[in-house]
Every structure is written in structure tokens, then in C-alpha cells.
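1. my questions concern the predicted model and sequence given below.
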Amino acid sequence: MSETIEIRWHGRGGQGTVTAAKVLADACLSGGKNVQAFPEYGPERAGAPLRAYNRISTKPLRIHCPVTHPKIVVVMDATLIESIDITEGTPDDAIFVVNTHKTPEEIRKKLKLKDTQKLFTIDASTIALETIGRPLPNSCVLGALTRASGITDLQTLLDDVKGSFGSKFSEKIITANLEATRRGYEEVKEG
Amino acid sequence: MGKKLAITGNQAVAEAMKQINPDVCAAYPITPSTEIMQRFASFVSDGVVDTELVTVESEHSAMSACIGASAAGGRVMTATSSQGLALMWEMLHIAAGMRLPIAMALVNRALSAPINIHGDHSDGMGSRDCSWIQIYSENAQEAYDNIFQAVRIAEHEEIRLPAMVCMDGFIISHSIESMEFLPDEVVRDFIGEFKPTNPLLDVDKPVTYGPLVLPDYYIEFKKAQHEAIKRAKKVTLDVAKEFEKVSGRSYGLFESYRLDDAEIAIVVLNSAAGTAKDVVDAFRDKGIKVGLLKPRLFRPFPYEEVADALGSARVIGVFDRADSFGGFGPMYMEIASAMIASGSSPVMINRIYGLGGRDFMPEDAEAVIKELVEIADTGKATTLKEYIGVRE
């Protein structure tokens, strides 16, 4: 891992994107890294496009501004690809993780990715429906991102997904989210 | 050492307040500081602090209640932002004039109009002359650490003045960062027991607060206030030394970053300073002698020490995230005063940035440093005050 990894998340209000960025930060902190997680603050409406960011580093993080050249881009909702250029500012070795039921080939073509850029897809909304019972893709996407990036390991992530629920949620919901995370990790496709 | 967590700046300050466990908190919620009191209110209702939480109908009342509680003899804290601080303005002077050591977290936010909820320093700079000690913080860790130190400085027997700890709205208050907590007992020992001075509730020793003072004595009061706040400079350093012993983190009146042999210097406050330090490193790698000064104690302002730290610079770029319309930015005026008083005359330019939360990017710092390099070559600045990144 190079010194600092920068991540940009694209999601819609209500999908748990900001929570996912926070859980990732916790998992990377547990792994001994310095972390940042922050959303872009605009009008907060359910369904509206939003961005969130992470910085994960082996050195202390001093920079305080949005990420403009993300090494990793995570897309929580594939419909965003139609209206937003999610590849903006990405380097030649960028990694993309997209929640979609489409094949990696279809998405790669749609995004016009370079051969040197990696693409991973996960049908997180379907998996979320099957496990959690609601189309909340964040836990599943975190699992897929962990596999795709190697930024943390599955067990650390699972511990922090569990920790993020605290005592407010039922055992059933926590177990379902852990299952969604694990399935994201196992079912992510590269292409 | 304490545990390391990834939390927001607001959470960090709320945790600090929990560990301080003040006698009274009076506050009214306002973005972006709301989360501090929201979390603190949970601590109160969960019984993890003994604080009397006074919910009021405005910030003017919040500060009034703080003043009453502090004069009564309690350790008092509050938090606010922007319009909230503006509404407190009248009472800020009264808190200071009565020499009440209230500690406040100020989450810096732009002032209306037009209405804007994002971070700039207009609120803090607008209360510059209220005789509050002002300490600025780059990130969540500094905000957390500064709260404890502010309590100690404010309550010091030779000072007894209110203090505010500032951090950038949203950029720090709402961003999650890794930081380290101090154990509760370390905080308890560091801040110590509150020692009231002339408490109103000591009925055996009745005292008067806020009497009428006419021309025959008013100026003596104000001079005494000035002398008291000036002493905060030394106390800030003493407290910082003690804090370093318990935390391992060192603080000064300001931070000097690669300034020792700097021919070009930039002065940047709060979160933007972190971003700018990375840019300074990049210029240093190219062999350009640039350094950065990040003010911490803004009131009282350490003029001699700042002039000394900037002594080797021939060109200085001062960044202001607040404006004085029709004048230079507030930080520029301080740096210019410091340099002139010290007898040195570097070329100094003022760049206004980030008003209303406009992002401050590494490219912004880079552009100004490039300009400063040019000025160093020619010895001339074309525009002294300019706005960064403004669309025409």
C-alpha cells in the first residue's frame, strides 16, 4: 500500500454511504492506519446524489479538503453513472467498485475505463434484499470493496460492521448485515 | 495512553466536556456546533455527568445564564457558532468585564447575509475585541486538547477571563478523523478542582458584580483587563508544558513549520494549515525555502514571538478566512503589526480564501507560494489584498 489511499464514494441519500465510509475508517483504524471519513455537505434529501470521501494512510493526515484524484471509486447506485462522471480525476491504476446487477463487461464499456483501471461489480441491492430484507447496499459493498482493494481484511471489517450497530439494533439485523458483508466479499466479480 | 478512535470534531469536543464535567452548561443549538450540545445533553440525561444543563430560548440567554452561573461560583461551559456568537456579542463583553472564566467551544461558521452554514472565521474574528482568550485548532485532536488547556488558562488566578476554543465548521466539526483520547483520571488531575473567586453564592462574603463605573474608574478597569489577558501568553505556555507531560503532545503560542531558514513564509489558521503544510513540503523538496506559521493563541496575540519566528522571511503571505470589508483581513493586520513593531519590513500580501466554506485546495496554497516566490525575486507585490478562486 502506498502512503495514502484516497477513496470517493458516490451514493444517494438514504443508502448508508456516509455510514459505510465511517465503518471503513473504523476498520482501517483498527488495522493501525490513520483515517479520515467525510461527506460533501449539501441539502440532505433522500435519493439525492451525494459524495463521501476517505483517506487512509500510514502517516498522519494533515490535508483537509475533498478528494479530487481518488485511487478508489465506490458507486452505491449504478443509476448515478447515467448522470455523473464517476471517473472524474481518476488515475490510470484506479479501482472501481460498482453496485449493479449488470456484468462487469457492460459497466466497463459504459464507463469507458482504461485497460489499466480495475473494475469490480457486486449486486449488493439484491444481496441486501435477500439478507437484510431492505435494499440497503452499504454493508455488502463494504465487503466487496475490502476484497477488491485489500485495504483491510474481512475479519476486521466484520468486527467494525458489528461495532457500528452498537446496542441500538436487534441481533437479527446485525447478523443479516454481517452476512451481507461476507457475501459482498465472496461474490464480488472482477472484469 | 488513551484510546484511539475515529470521530468527528464535534464528538471530540463533547467527549472533552464530558471529561471536564462542568457544573453548568447553558446553550442554544446552532449548526455546525449543534452536535456538541446534543451529545452533551445525552451525557446529562444518562447521568454520566453532574452538569446542570440550562436550555434557553436564544444564544443571548445562553451566555447570560453562563454569566450568572459563573458569577455564582460554578465551572461553566457552552458551545455555539456564527449567528449564535453574534447574538451573544453583548454578553461576551460582560462575561469578560466581570472576569468570569467561562469556556466555550466555537465551531467557526460564516455570518449572514447571505445565509451560509459552512466554515469560515468571520464569527471568531468578529469577537476579537471582546476580551475573550481565543485559541484556534487545526483538527479534532487539537480542539479536544485545547478545550482542557483553555479551561486551565481561563481559570488561572492571574487571569480569570473567558476563553473560546475555535475549530472549522464542517471541515473539522463534521469530518471523522483518527485521534487519541486522554483517560478520564488524567483529565481530572490536569484540570483540577474549580476554585471560585468571589462567588455570589458565598453569602458570608457579599460582593457586587457589574456595578456602574463612570469616567473616574472605567479606564482603570479596562487597563486591568488588558494586563490580565496579556498574562495569558505566559500561562498558555506553562499550561502547554504541563499538558505535554500528560499527553505527549506539544503546543505553543503558534506552530512554526519549517520556518527556521525560510525566506518565504505563509501564515495560515486552522484546518487549511494542515493542507498547506503538505504544499510547503513539496516546495521544500524543490529547494525553495518556504515555511508556515499557524497561529494558535490569537487573543492575546503574541506579537514579539510571531515577529521573531517570521524573522528570516523577506516575503510573507497571510491567509485570512474572514474579511474586514474595506480593510485588510484580520490576520494580516496582526502579522503586519507584529512585523512593523519589530522593526522589520518584509513584503506582506493578504489573500482572502474559503469564505462560506469554499474548499481550500493544495493548488490554492501552491498558487500563492508561487506568487510569493516571484515577489521575492522582484521585491514587488502588485496587489496587497486579493481573493482566492473568485469567479468573475
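-> Everything's here; your move. Numbers count the residues shown, from 1 in each chain, chains lettered A, B, ... in the order given.
2. quick one, domains of chain B?
-> For chain B, automatic domain parsing gives the domain ranges B:4-247, B:254-387.
3. wait, which of those domains is closest to residue A:70?
-> The stretch from the domains of chain B with the least distance to residue A:70 (CB to CB) is domain B:254-387; that distance is 14.5 Å. Glycine gets a C-beta too; all of them are placed from N, C-alpha and C.
4. low pLDDT regions in chain B?
-> For chain B, the stretches with pLDDT under 70 are B:1.
5. may I ask you to name the longest helix in it?
-> In chain B, taking DSSP state H as the definition, the longest helix is helix B:218-247.
6. anything in that helix near chain A?
-> No - Helix B:218-247 lies out of reach of chain A by CB under 8 Å from any CB of the partner chain, never closer than 15.3 Å.
7. now swap in stretch B:177-197 and tell me
-> Yes - shown here: stretch B:177-197 in contact with chain A (CB under 8 Å from any CB) through B:177, B:178.
8. so where's chain A shaky on pLDDT?
-> Applying pLDDT under 70 to chain A flags residues A:1-2.
9. how about a cut-off of 90?
-> Applying pLDDT under 90 to chain A flags residues A:1-3, A:41-46, A:165-169.
10. mind listing the helices for it?
-> Here chain A has its helices, by DSSP H, at A:17-30, A:80-83, A:104-111, A:124-131, A:138-149, A:154-165, A:171-187.
11. quick one: buried residues of the fourth one?
-> For helix A:124-131, a neighbour-count test (16 or more other CB atoms under 10 Å in any protein chain shown) marks A:124, A:125, A:126, A:127, A:128, A:131 as buried.
12. how far does that helix sit from its chain's centre?
-> Centroid separation between helix A:124-131 and its chain, computed with CA atoms, centre = their mean, to the nearest Å, is 15 Å.
13. same check on the first one?
-> How far helix A:17-30 lies from its chain's middle: 9 Å, per CA atoms, centre = their mean.
14. what inclination does that helix have with respect to helix A:154-165?
-> Angle of helix A:17-30 versus helix A:154-165, following axes from the mean of the first three to the mean of the last three CA atoms, to 10 degrees, is 130 degrees.
15. which helices and strands sit right next to helix A:17-30?
-> Under the contact criterion of 3 or more CB pairs under 8 Å, 6 or more residues apart in numbering or on different chains; DSSP states H and E, helix A:17-30 touches strand A:4-12, strand A:34-39, strand A:49-57, helix A:138-149, helix A:154-165, strand B:4-8, strand B:176-180.
16. and the angle from that helix to strand A:34-39?
-> 180 degrees.
17. what's in contact with helix A:17-30?
-> A:7, A:9-11, A:35-39, A:50, A:52-54, A:56, A:74, A:76, A:138-139, A:141-142, A:145-146, A:151-152, A:156-157, A:159-161, A:163-164, B:4-6, B:176, B:178 (CB atoms under 8 Å, 6 or more residues apart in numbering or on different chains).
18. next, the angle strand B:4-8 makes with that helix.
-> 160 degrees.
19. ok, now the fourth one?
-> Helix A:124-131 runs at 110 degrees relative to strand B:4-8, counting by the same axes, to 10 degrees.
20. might you report the residue contacts of the residue of the stretch 201-350 of chain B found nearest chain A?
-> Using CB to the nearest CB, the closest approach of the stretch 201-350 of chain B to chain A is made by residue B:274 at 3.6 Å. For residue B:274, the contacting residues are A:61, A:62, A:63, A:64, B:138, B:139, by CB under 8 Å, 6+ apart.
21. name the residues of chain B found near chain A, please.
-> Within chain B, the positions adjacent to chain A are B:4-6, B:117-118, B:138-139, B:168, B:170-172, B:174-178, B:271-272, B:274-275, B:277-278, B:359-362 by CB under 8 Å from any CB.
22. among these, which ones are in helices?
-> Those of the residues of chain B next to chain A mapping onto helices are B:271, B:272, B:274, B:275, B:277, B:278, B:362, per DSSP H.
23. distance of the second one relative to residue B:91?
-> Same thing as residue B:272. 30 Å (CB to CB, to the nearest Å).
24. now do the third one
-> In this structure, residue B:274 lies at 33 Å from residue B:91, with CB to CB as the measure.
25. next one: the last one
-> Taking CB to CB as the criterion, residue B:362 is separated from residue B:91 by 40 Å.
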